[in-house]
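Participant: Have a look at this prediction, sequence included:
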Amino acid sequence: EMHRPNGNLTKALDYLNRAISIQPYNKAFKHTKAELALKKVDSARTQLEKDKLLQEAVELASETKSGRTGATHSHHTLAKVHMKRLEEAIGLGEADFTSPHIQSIVKNIERELEHGLQAKPGDSYLLTEQARLAELLNNSPKMFDSLTKAFTHNTKLGYLAVQLSSCLVKGGKPSEAKK
């Protein structure tokens with residue numbers, strides 16, 4: 001219902017809630033419900049509704065984090081939640097990487113990607129999100145300038161160095177990226 005053309009997301013939520021009530025410890029159902037909440041963000045009418053859905057996705061994905069080696073679904077969902085927050089902030093004109101809000105969002109994305117890639121280094125979903133993050137930061141000239149400025153002021157933050165390096169490589173400046 002969630003993935004079919006013109007699917008009914010309300011009906012999908014009903015099915016998931018019923019499945020969860022029957023098997024409350026089934027992580028696959030909760031993960032799917034987190035993905036459904038994330039999907040519903042795009043059709044949310046108010047900022048409050050978007051925030052509520054994003055928070056619901058975070059809570060469900062956090063519940064389903066597995067101690068099993070190689071399980072990366074929750075990391076991917078959490079990275080997507082934070083990517084939505086970053087895209088929204090940039091869309092609202094907040095492209096200053098020196099802003100604690102933007103730094104916090106990027107740090108959360110990178111933390112989830114790093115933990116997921118440690119569990120499964122070749123995970124294509126996580127690598128795709130990593131590429132999306134680099135592209136998003138690189139495609140915003142304000143963000144790139146801000147990232148450069150932030151790194152100049154604090155060279156000890158590893159995640160800044162990684163992002164700046166990635167942007168420089170994509171911009172065709174590998175020698176600067178290496179520095």
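Facilitator: Thanks, I have it. Nothing here was measured: the structure is a model prediction, and the numbers come from that model. Numbering: from 1, shown residues only.

Participant: Need the distance between the two termini of stretch 88-101.
Facilitator: 12 Å (C-alpha to C-alpha, to the nearest Å).

Participant: just how off-centre is that stretch within its chain?
Facilitator: Per C-alpha atoms, centre = their mean, to the nearest Å, the displacement of stretch 88-101 from the mean C-alpha position of its chain is 15 Å.

Participant: for the protein, what are the low-confidence residue spans?
Facilitator: Scanning the chain with the threshold set as pLDDT under 70 gives 66-70, 139-144, 146-147, 150, 154, 156-157, 159-160.

Participant: do you know how far the residue nearest to Leu78 when sequence neighbours are not counted is from Ser74?
Facilitator: Distances taken as C-beta to C-beta, 6 or more residues apart in numbering place Glu112 nearest to Leu78, at 4.5 Å, with adjacent residues excluded. All C-beta atoms are positioned from the backbone trio N, CA, C, and that covers glycine. Distance, Glu112 to Ser74, using C-beta to C-beta, to the nearest Å: 8 Å.

Participant: if we can go back for a sec, now do the phi/psi pair for the residue nearest to Leu78.
Facilitator: phi -70, psi -40 (degrees, to the nearest 10).

Participant: residues of whichever strand or helix holds Leu126 that come out buried?
Facilitator: In the assignment (DSSP states H and E), Leu126 maps to helix 124-139. The neighbour-count check on helix 124-139 (16 or more other C-beta atoms under 10 Å) flags Tyr125, Leu126, Glu129, Gln130, Arg132, Leu133, Ala134, Leu136, Leu137, Asn138 as buried.

Participant: again, but for stretch 92-105
Facilitator: Glu94, Ala95, Asp96, Phe97, Ile102, Gln103, Ile105.

Participant: you'd agree Ala79 is up against Glu112?
Facilitator: Yes: counting by C-beta atoms under 8 Å, Glu112 is a contact partner of Ala79 at 4.2 Å.

Participant: neighbour-wise, which of the two wins?
Facilitator: Neighbours per residue (other C-beta atoms under 10 Å) separate Ala79 from Glu112, with Ala79 holding more: 28 against 25.

Participant: Would you mind getting the angle between the helix or strand harbouring that one and helix 124-139?
Facilitator: Here Ala79 sits within helix 73-91, counting by DSSP H and E. Angle between the axes of helix 73-91 and helix 124-139 is 20 degrees (criterion: axes from the mean of the first three to the mean of the last three C-alpha atoms, to 10 degrees).

Participant: So what touches helix 73-91?
Facilitator: 31, 34-35, 38, 41, 50, 54, 57-58, 61-62, 64-66, 95, 101-102, 105-106, 108-109, 112-113, 115-116, 119, 123, 125-126, 129, 132-133, 136, 140, 143 (C-beta atoms under 8 Å, 6 or more residues apart in numbering).
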